[in-house]
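[1] Predicted model and sequence follow; I will ask about them next.
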Amino acid sequence: MGYFALTTRQMPDSQKAEFVANSAIAGMTSYVTWADIEPVEGQLDFSRIDADIAIARAAGKKITIGVFTGRDALPGWLSTAGVRLWTNAKGQTLLHPGDARFIGLWRERIAMLGQRYDQDATVVQVTICGAAGTLCGPRYPELPADVGLDILVSNWKQIIDAYVAAFPTTMLNLEVHLTVGFGADLPGELFNAIPTTVPLGPFAEFLSDSAPTSESETGTAFAAAARNRQHCAFQTVSPLGDRLSAAVERGRSFGCRYFELYASDVPQAANLPLP
């Protein structure tokens, strides 16, 4: 639990160190892309994640890590590796969410991540990423015509199982959001299939002073996913300024005690209630 500084790949290490030195900050994030860690097939480079872990560890703080697999995150070699890709209406190249080849490749990388980081005491949470419709998780504002809910559920279950096997001692989070044509059915089915004994909780990137509401479709789905779980997590939707405290209180109303804050809001953490 706690307030975590949401860092970026472009942020200098000195700034990350400054954020985690804040006594009100419990840790930081390290979100990199598949292209970052494997620009050449089979040659994995974890130096960026390792450097971020070292920054958090030096400050006596914790870190959440994730390897994004969505837009602007894919290594170029995938196009010749038998992985099916598709282009959405915005012209973004994404993994086809029904592709079995991707699942096989990604499960191997998940196992490598687990071998490297599951026993690292500084790493307290890992974000589950798969054939994403946006950045990382099961969120789809658009889908290929040949993909239905059954395919999404089946393929995401395989990815979740791989993370659970690779990270038996580390908290995991899975995004709760809507899918075009299916609403909140996808996260609903996925969380219903995950035993509450598994250290895995819901995560949402859209916390503000006005959202989510307990009556909205996403808010209802998030609350259902958080029920009887050990953990739930929010990232603020953007820098919120003087609305940050109200947003945190909204997140706390769902039972969550983990909040990722944008850089410009990190200085305000000292004025927030303890998570």
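    Happy to help now that I have it.

[2] For residue 262, what are phi and psi?
    phi -70, psi 150 (degrees, to the nearest 10).

[3] Tell me which stretches of the stretch 1-150 of the chain form helices.
    Applying DSSP state H, counting those that start in this stretch to the stretch 1-150 of the chain gives helices spanning 13-21, 34-37, 47-58, 100-117, 149-166.

[4] show me what contacts the residue nearest in space to the middle of the chain?
    Nearest to the mean C-alpha position of the chain, counting by C-alpha atoms, centre = their mean, stands residue 127 at 3.7 Å. Residue 127 makes contact with 31, 64-66, 136-137, 172-173, 175, 203 under the criterion C-beta atoms under 8 Å, 6 or more residues apart in numbering. For glycine as for every other residue, the C-beta is placed from the backbone atoms N, C-alpha and C.

[5] In strands, which of those appear?
    Of those, the ones assigned to strands by DSSP state E are 31, 64-66, 172-173, 175, 203.

[6] for those, which one is nearest residue 270?
    residue 64 (20.6 Å; C-beta to C-beta).

[7] Please verify my assumption that residue 94 contacts residue 71.
    Yes. Contact criterion C-beta atoms under 8 Å: residue 94 and residue 71 qualify, at 6.3 Å.

[8] which one of these two has more residues nearby?
    Of the pair residue 94 and residue 71, residue 94 is the one with more neighbours under other C-beta atoms under 10 Å, namely 23 against 18.

[9] Return the set of residues that bridge with the more buried one.
    Bridge pairing for residue 94 (DSSP bridges) gives the partners residue 86.

[10] ok, it - contacts?
    70-71, 74, 85-88, 131-133.

[11] In ChimeraX, select just the buried ones from those.
    A single ChimeraX command selects the buried members of the contacts of residue 94 (16 or more other C-beta atoms under 10 Å):
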select :70,71,74,86,88,131,132,133
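
[12] ok, the contacts of residue 94 vs residue 186, which is closest?
    residue 133 (10.0 Å).

[13] thought the closest one was touching residue 70?
    Yes. Using C-beta under 8 Å, residue 133 makes contact with residue 70 at a distance of 7.1 Å.

[14] ok, residue 190 to residue 116 distance?
    Distance, residue 190 to residue 116, using C-beta to C-beta, to the nearest Å: 25 Å.

[15] In terms of neighbours, single out the busier of those two.
    Set residue 190 next to residue 116 and count neighbours by other C-beta under 10 Å: residue 190 wins out with 24 against 15.

[16] Looking at the contacts of residue 94, which one is closest to residue 269?
    Nearest to residue 269 among the contacts of residue 94, with distances taken as C-beta to C-beta, is residue 70, at 28.1 Å.

[17] Please name the nearest non-neighbouring residue to the closest one.
    Nearest residue to residue 70 in three dimensions, chain neighbours excluded: residue 132, at 3.5 Å (C-beta to C-beta, 6 or more residues apart in numbering).

[18] That neighbour contacts residue 69, doesn't it?
    Yes. The criterion here is C-beta under 8 Å, and residue 132 meets it with residue 69 at 5.4 Å.

[19] shared neighbours of those two, anything?
    With C-beta under 8 Å, 6+ apart as the test, residue 132 and residue 69 both reach residue 95.

[20] Can I get the contacts of residue 127 in TSV including pLDDT, neighbour count and distance to residue 271?
    Converted to TSV, the contacts of residue 127 look like this (pLDDT from 0 to 100; neighbours: other C-beta atoms under 10 Å; distance: C-beta to C-beta, whole Å):
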residue	pLDDT	neighbour count	distance to residue 271
31	98	22	26
64	98	26	23
65	98	24	28
66	98	22	28
136	97	24	30
137	97	29	30
172	98	20	30
173	98	25	26
175	98	26	28
203	98	28	24
